[in-house]
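Chemist: Sharing a model that was predicted from the sequence below.
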Amino acid sequence: MGRDRPALRAAPGTRPPVPQPTPAARLRAFSSGLPAAAASVCVVSFFAVFFAWPVAGVIAEGLGSAGIGPVADLLASPAVRSVVWFTFWQAAASTALTVLAGMPGAWATARLGFRGRRAVRALVTVPFVLPTVVVAAAFESLFDRFGVADGDGLRLRHTAWAILIAHVFFNYAVVVRIVGAHWAGLDARMEDQARVLGAGWLRVFGSVTLPRLVPSVVAASAIVFLFSFTSFGVVLVLGGPGRATVETEIYRYALVRLDLTAAAALAGVQLAAVIALVGISTFLERSRSRPEPVQPIGAVRRSAFGPAANLAVMAVLLGLPLAVLVERSLSTGGGYSLRNYGALLERVNLLPDTAAAALGNSLMFAAAAAAIAVAVGGSAALMAVGGRAGRLGRLTDAGLTLPLGVSAVTVGLGILLVLDRPPLDLRTSVAIVPIAHAVVGIPFVVRTVVPMLRAINPRAREAAAVLGARPGRVRREIDLRVASRGLAVGAAFAFAVSLGEFGATSFVPRRPETLTAPLALFRLLGTPGTALRGQAMALAVVLMALTAAVVFVVDLVGDARDGAI
Amino acid sequence: MHSRSGLTDTGRRGARIGRLRLTAAIAALALIAAACAADDPPSVEGTTVTLLTHDSFALSPETLEAFTAQTGVAVEQLAVGDAGQLVAEAVLTAGSPLGDVLFGIDNTFLQRGLDADIFEPYRSPGLDDVPEQFRLDPEHRVTPIDYGDVCLNYWTDALQGAPPADLDDLTSPEFAGRLVVQSPETSSPGLAFLLATIARYGDGWEDYWAALRANGVAVTAGWEDAYYGEFTAGGGDRPIVVSYASSPPAEVIFADPPVDAPPTGVVTDGCYRQIEFAGVLAGAANPAGARALIDFMLTPAFQNDVPLNMFVFPVAAAATLPAVFVEHAAVADDPLMIDPATVEANRDEWTDRWVEIVLR
């Protein structure tokens, strides 16, 4: 396994392993530099306009008039410190649990040649799009059914445990998909060699596989941590109304108390923490990544044991709540029927349009958001690993991850404050919906693709260049080919992020014609009536099915372009 | 309130507001001049008015079409969050408003909007038909449109015909562990119920809540997780919930299978009255269209359409209620209210105390 490493691996903490271009390559790079430069400008301006400027606007507005005194007092108060502490530890614990739970799943989808692998990968993404209120209700009814309701000794409702379990439920897919995509691209012959030399599976995993997986494990952990760090509904609904995190406090100060100074101070704390975390994780990712041999992908294996137990537990944890939703969507007055699904085609008084139309809107926005995320995130990933990008590339790499960890309240109010004048009078434009969703989807693309691009052996690019390929062609034939699986994973997540209405759009006024499925679902659940509740459940199930179907197809395309299957 | 000064003191915003005021003044002069030149008021025909509402706003599609047919003014709708979020965002964007008319500010957040000067006064002629009790702003910066009562609801079967008669009953052993409420920090009915107890018990409200806590009250963040989580309706084991006097009609209209009578009842004591207002936003691009829309909101076409879409009651005396409302909606005995300025001055302190008493 050492053959490819020493010559190319940089010492930790230095530049990533990038070969110095030859003069001829430099010349070619210069001639093809213009489109790349244009792409860089697009990436940076997108990030600046739709994230950095709004966030800076809110923080400046809130802190502008207040002196440093009141802000320091607030941040030093015991209440705020305990909120910050709880936010950190629940996010760290959620991340650790999710990674532990997700690794066997990543292994299974990457290395086992079972039928329906793609279907499993699609199904694990489903929880991601479900609204918290719906999931919470499903969890609670499960607690009831299995006798872990209040007073039976084991009480989960409104505890920190409920928050952790829900975070594993929602984020399991992040680890499975991101680590799995990376894992599938690793050369399995290294493990074979170790095994031939007598190492047991644990040893093989610990000293051969895991070290090579570090970049994607770090990337997935960073995403899970940031999502848990900023989770809102889970904390309030499952954790209970007395629980507070930095995110819920920013919401409370900004929108309930109208105390923008306190909200901005907390947003500043959140931003600083997220910048530090993203800095550390992208540094770890970069310094621990090393190119793989040029020949990709070993044979897939068919034997499995050990992790099977974990997979069974996860199937129950993910499957049962979903099954509860399906059961509820089918139950109509005493029996079972498809009536709730039929009702999605008719408009109820509370909604401006039918639920089916809302689903159509959701799909259109999600497709647009995924396209933006792939274009911007893919360009950013190339910038981040490209030899000429240097510091700007690394900043972009880290910067584009920040939106995952910054409050949707901050970004949403920022959009309202700064994007109010032509040519960027976008506050109430239809376009702001997919754009705001894409801002959250882009980090998925970047964080999935970058480790895969870094794993490309530069010799492959050199060989292609020597054989006469122009830089554009090298990118197409080597970088894009290798990254296509990652792009598919990133696109699938960006799609799911949009279907689930993540991000700032909850804080930006919406036109009735942009009604989406989650918004329709909230309205149906916001009024009493068994029929409305049944329709909401049916809508959730259709949302689940659509997510699974789209992720499946996107995966199919990604795998086909990968050429490895 | 340093928060509000924080919103207006920074240079950029201040300057913009200044510019807008100047522009508004010039525009007003121009309008007056135009009005003097011609005898007719300026025509609004062919213009578009933007209506900013909370997420629960809903009407039959024909209703706003009728407005457009009558006046020639097209309506664009924008909706965001709940009433509290709507007002917060309107205050944050004061001077550069998101729309022309804001609908959905209620008496629990009214003063916040008035203090921030987000409305331009306008007295609609339709107000003559609105009972005095709904007109909370003598300066007519906002116009009352509808109202609803936040009341305790109960699951009739679970209580076997013995619901609580009043707020006092909830602290008795008979109802121990049976009530679920929403946090006033995150829920509009939750805040209304807290205000109801303050209006009823005065300084004794803290003791009342301590007694409720001792009696096992459950608290959720929002209405959904109370009604569909802890309350009997969603399979929970608590038969009493804070909801609306108009919840039972919804249980009938949206029942599956259809029912003749709702499974829930309303405790008509201790209800808090929420009145929803509309106002012309200061700096509106189309103030004349905005005033026309507010006029329309008090006409029967709009008022009669409100109950079955938003499950609230129209304020106009001439409005008629649908039969299902007359039959199943409860009417609060003596609804409680606290004057908006008092609410605004104390809201944060009250909710802080409530959190300490009930959740800590």
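Modeler: It's in. Numbering: from 1, shown residues only, chains lettered A, B, ... in the order given.
Chemist: I'd like to know which residues of the stretch 51-200 of chain B are adjacent to chain A.
Modeler: Residues of the stretch 51-200 of chain B lying close to chain A (CB under 8 Å from any CB of the partner chain) are B:52, B:55-56, B:58, B:60-61, B:76-81, B:84-85, B:88-89, B:91-93, B:96, B:98-99, B:112, B:182-183, B:185-186. All C-beta atoms are positioned from the backbone trio N, CA, C, and that covers glycine.
Chemist: Determine the number of other residues adjacent to the residue of chain A at minimum distance from chain B.
Modeler: Taking CB to the nearest CB, chain B has its nearest neighbour within chain A at A:Gly529, 2.4 Å off. As a burial measure, A:Gly529 scores 22 neighbours (other CB atoms under 10 Å in any protein chain shown).
Chemist: try A:Trp53
Modeler: By other CB under 10 Å, the residues close to A:Trp53 number 17.
Chemist: Am I right that it sits in a helix?
Modeler: Yes - assigned with DSSP: H, G, I helix; E, B strand; the rest coil, A:Trp53 falls within a helix.
Chemist: Nearest residue to it in space, please, no chain neighbours.
Modeler: Take A:Trp53 and drop its neighbours on the chain: the residue closest to it by CB to CB, 6 or more residues apart in numbering or on different chains is A:Val418, 5.5 Å away.
Chemist: give me every residue that touches the one you found.
Modeler: With contacts defined as CB atoms under 8 Å, 6 or more residues apart in numbering or on different chains, A:Val418 is in contact with A:Trp53, A:Pro54, A:Gly57.
Chemist: my guess is A:Glu61 is in a strand, correct?
Modeler: No - remark: A:Glu61 does not belong to a strand; assigned using three-state DSSP, it is helix.
Chemist: ok, it touching A:Leu417?
Modeler: Yes - taking contacts as CB atoms under 8 Å, A:Glu61 lies within contact range of A:Leu417: 6.1 Å.
Chemist: So which residues of chain B form strands?
Modeler: B:48-53, B:74-79, B:101-106, B:119-120, B:143-155, B:179-182, B:218-220, B:240-244, B:264-281, B:313-314 (DSSP state E).
Chemist: Chain A now?
Modeler: Under the criterion DSSP E, chain A carries strands at the ranges A:331-332, A:335-336.
Chemist: tell me the most buried of these?
Modeler: Counting by mean count of other CB atoms under 10 Å in any protein chain shown, strand A:331-332 has the highest mean neighbour count of those, with a mean of 18.
Chemist: which helices and strands does it pack with?
Modeler: Contacting strand A:331-332 under the criterion 3 or more CB pairs under 8 Å, 6 or more residues apart in numbering or on different chains; DSSP states H and E is no other helix or strand.
Chemist: Count the residues that sit near the residue of chain B found nearest chain A.
Modeler: Proximity of chain B to chain A (CB to the nearest CB) peaks at B:Phe254, 2.4 Å away. Other residues near B:Phe254 come to 21 when the count uses other CB under 10 Å.
Chemist: before we move on, what about B:Leu293?
Modeler: For B:Leu293, using other CB under 10 Å, the count is 26.
Chemist: residue contacts, it?
Modeler: Here B:Leu293 is in contact with B:Val49, B:Leu51, B:Phe67, B:Val73, B:Val75, B:Asp100, B:Val101 (criterion: CB under 8 Å, 6+ apart).
Chemist: One more: A:Arg118?
Modeler: Going by CB under 8 Å, 6+ apart, A:Arg118 touches A:Phe552, A:Asp555, A:Leu556, A:Asp559.
Chemist: Near chain B, list only the ones from those.
Modeler: With CB under 8 Å from any CB as the criterion, no member of these is in contact with chain B.
Chemist: Out of these, who's the most crowded?
Modeler: A:Asp555 (23 neighbours).
Chemist: Hmm, it is touching A:Phe493, no?
Modeler: No - taking contacts as CB under 8 Å, A:Asp555 lies outside contact range of A:Phe493: 11.5 Å.
Chemist: Just the helices from the stretch 1-150 of chain B, written as ranges.
Modeler: Ranges of helices within the stretch 1-150 of chain B are B:2-8, B:11-37, B:61-71, B:83-92, B:110-115, based on DSSP state H, counting those that start in this stretch.
Chemist: roughly how far apart are A:Arg470 and B:Ala317?
Modeler: Relative to B:Ala317, A:Arg470 is positioned 79 Å away (CB to CB, to the nearest Å).
Chemist: Compare neighbour counts for these two and give me the winner.
Modeler: The residue with more neighbours, out of A:Arg470 and B:Ala317, is A:Arg470; 14 against 10, by other CB under 10 Å.
Chemist: Per-residue confidence, that one, what does it come out as?
Modeler: Looking at A:Arg470, its pLDDT reads 84.
Chemist: likewise A:Ala66?
Modeler: 71.
Chemist: and it, backbone torsions?
Modeler: phi -80, psi 140 (degrees, to the nearest 10).
Chemist: Isn't it up against A:Leu260?
Modeler: No - A:Ala66 lies out of contact with A:Leu260 (CB under 8 Å); the separation is 9.2 Å.
Chemist: Tell me which of the two has more neighbours.
Modeler: A count of neighbours by other CB under 10 Å puts A:Leu260 above the other of A:Ala66 and A:Leu260, at 30 against 21.
Chemist: show me the contacts for the spatially most central residue of chain A.
Modeler: Note on chain A: the residue nearest the mean C-alpha position is A:Phe444, at 4.7 Å, using CA atoms, centre = their mean. When the contact criterion is CB under 8 Å, 6+ apart, the partners of A:Phe444 are A:Ile178, A:Ile223, A:Ala373, A:Gly377, A:Val489, A:Gly490, A:Phe493, A:Ala494, A:Val497.
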